[in-house]
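S.K.: Let me see the structure of the following:
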Amino acid sequence: MNEQPAESAVVLEAEDRPLELTQAERVGQERRRRQEQYDTVHRLYVGGMSQREIAVTMGIGRKTVRRFLAAESFPERKPGSGPQRSMLDGYRAFIEGRIEHGCHNAAQIWRELRAEGYPGGYGQVRTMVAAILRTKREALPVVEAVPAVKLARRKIVGLMIGERENLAAEDQGLLDRLTERSDSFREAYDLAQGFMALVRERRGADLTDWLKAASASAVAELKGFVAGLKQDQVAVEAGLTLEWSNGPVEGCINRIKEIKRRMYVRAKFDLLRRRVLHPP
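M.R.: Numbering: from 1, shown residues only. So this is what the prediction gives:
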């Protein structure tokens, strides 16, 4: 039969054993027990039992019986003169150090304390870890929430590809905040501005370097754009270098498509021909 590893046994012990009561829970439980004794003593005495018989029946001292009977109401115990010490106090620095390093799991800290020689149970460790975390949260400064602003895609594209000097003062401020708060946006903005500079200044010879920089970036959307440019890189370089352009031809094609869509199922071919060849 395979024996269970020691670490697994410790984990099971931490998870399966009943949770120990906290100090406040133990105090409350003790008070309820004494309250029940007080009520029982008075009930038996009214029923005709002597103090000696009550002490024997309940298994308590006769002095306790006399004190309960002499008291007009339940006698509360006086609080201690000072805070009670715990065997865990000597390990508080260790626990605080583990919490500072990001470990907030009380069971994990308890297992590490056991390795350090702590003989106590898991419940005390859980209570101290919760108290330390609560103190840390209360010490944090209150930060006023900044309302989120949803920007349209067209707005973001305009900020990224437009020339900064042509932007309104409000948009320039928005651009500065975006580049300061997001490394991804700043990287995408720099690459977009670099590509627009190639287009405006017709620097097709620098396209290869730009493609390498964009491919090495962490912006996934730019990688897809780069892949499309590489499929027809020669034509893209020519468009960024030569002074000739097929813009007029593309404009005529778009005009013909628009006329076709407007006149679809509304006119015959002769009217479509006159509209294309003899525009108004």
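
S.K.: Now do the strands in this structure.
M.R.: Assigned strands in the chain: none (criterion: DSSP state E).

S.K.: Now do the buried residues in the top helix by length along it.
M.R.: Once the chain is assigned using DSSP state H, the helix that runs over the most residues is helix 23-46. If you call a residue buried by 16 or more other Cβ atoms under 10 Å, then helix 23-46 has these buried ones: 37, 38, 41, 44, 45. For every residue, glycine as well, the C-beta is placed using N, CA and C.

S.K.: Tell me which stretches of the stretch 1-150 of the chain form helices.
M.R.: 6-16, 23-46, 51-58, 62-70, 92-100, 106-116, 122-139 (DSSP state H, counting those that start in this stretch).

S.K.: weakest of those helices by average pLDDT?
M.R.: Here the lowest mean pLDDT among the helices of the stretch 1-150 of the chain goes to helix 6-16, at a mean of 45.

S.K.: wait, doesn't residue 68 sit right on residue 37?
M.R.: Yes - using Cβ atoms under 8 Å, residue 68 is in contact with residue 37, at 7.1 Å.

S.K.: I'd like the distance between residue 212 and residue 261.
M.R.: Residue 212 is 41 Å from residue 261, where distance means Cβ to Cβ, to the nearest Å.

S.K.: same deal with residue 217?
M.R.: For residue 217, the distance to residue 261 - Cβ to Cβ - is 39 Å.

S.K.: out of the two, which sits in the more crowded spot?
M.R.: residue 217 (16 against 8; other Cβ atoms under 10 Å).

S.K.: can you give me how far stretch 118-137 is from the chain middle?
M.R.: Chain-centre distance of stretch 118-137: 23 Å, with Cα atoms, centre = their mean, to the nearest Å.

S.K.: And for stretch 205-225?
M.R.: Its chain's C-alpha centre and that of stretch 205-225 lie 31 Å apart, by Cα atoms, centre = their mean.

S.K.: and what of stretch 90-109?
M.R.: Computed by Cα atoms, centre = their mean, the separation of stretch 90-109 from the middle of its chain amounts to 21 Å.

S.K.: Please enumerate the helices of the stretch 151-280 of the chain.
M.R.: Under DSSP H, counting those that start in this stretch, the stretch 151-280 of the chain gives helices at 153-161, 169-181, 183-201, 207-215, 220-231, 233-239, 247-263, 269-277.

S.K.: Reformat those helices as TSV; add distance to residue 135 and mean pLDDT.
M.R.: As requested, the helices of the stretch 151-280 of the chain are exported to TSV (distance: least, Cβ to Cβ, whole Å; pLDDT from 0 to 100):
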stretch	distance to residue 135	mean pLDDT
helix 153-161	43	89
helix 169-181	31	88
helix 183-201	34	90
helix 207-215	49	90
helix 220-231	42	88
helix 233-239	61	89
helix 247-263	68	86
helix 269-277	80	81
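
S.K.: Out of those helices, which is closest to residue 32?
M.R.: helix 169-181 (55.4 Å; Cβ to Cβ).

S.K.: Tell me what angle that closest one forms with helix 183-201.
M.R.: If you take axes from the mean of the first three to the mean of the last three Cα atoms, to 10 degrees, helix 169-181 sits at 130 degrees to helix 183-201.

S.K.: Dump helix 169-181 to PDB, restricted to CA.
M.R.: In PDB, the C-alpha atoms belonging to helix 169-181 read as follows (Å, rounded to 0.1, in the frame of the first residue of the first chain):
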ATOM      1  CA  ALA A 169      -6.500  71.200 -28.000                       C
ATOM      2  CA  GLU A 170      -9.000  68.900 -26.300                       C
ATOM      3  CA  ASP A 171      -8.000  66.000 -28.500                       C
ATOM      4  CA  GLN A 172      -4.300  66.700 -27.900                       C
ATOM      5  CA  GLY A 173      -4.900  66.400 -24.200                       C
ATOM      6  CA  LEU A 174      -6.800  63.200 -24.700                       C
ATOM      7  CA  LEU A 175      -4.000  61.800 -26.800                       C
ATOM      8  CA  ASP A 176      -1.400  62.700 -24.100                       C
ATOM      9  CA  ARG A 177      -3.500  60.900 -21.400                       C
ATOM     10  CA  LEU A 178      -3.900  57.800 -23.500                       C
ATOM     11  CA  THR A 179      -0.200  57.500 -24.400                       C
ATOM     12  CA  GLU A 180       0.800  58.100 -20.700                       C
ATOM     13  CA  ARG A 181      -1.500  55.500 -19.300                       C
END
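
S.K.: With that, I have no additional questions.
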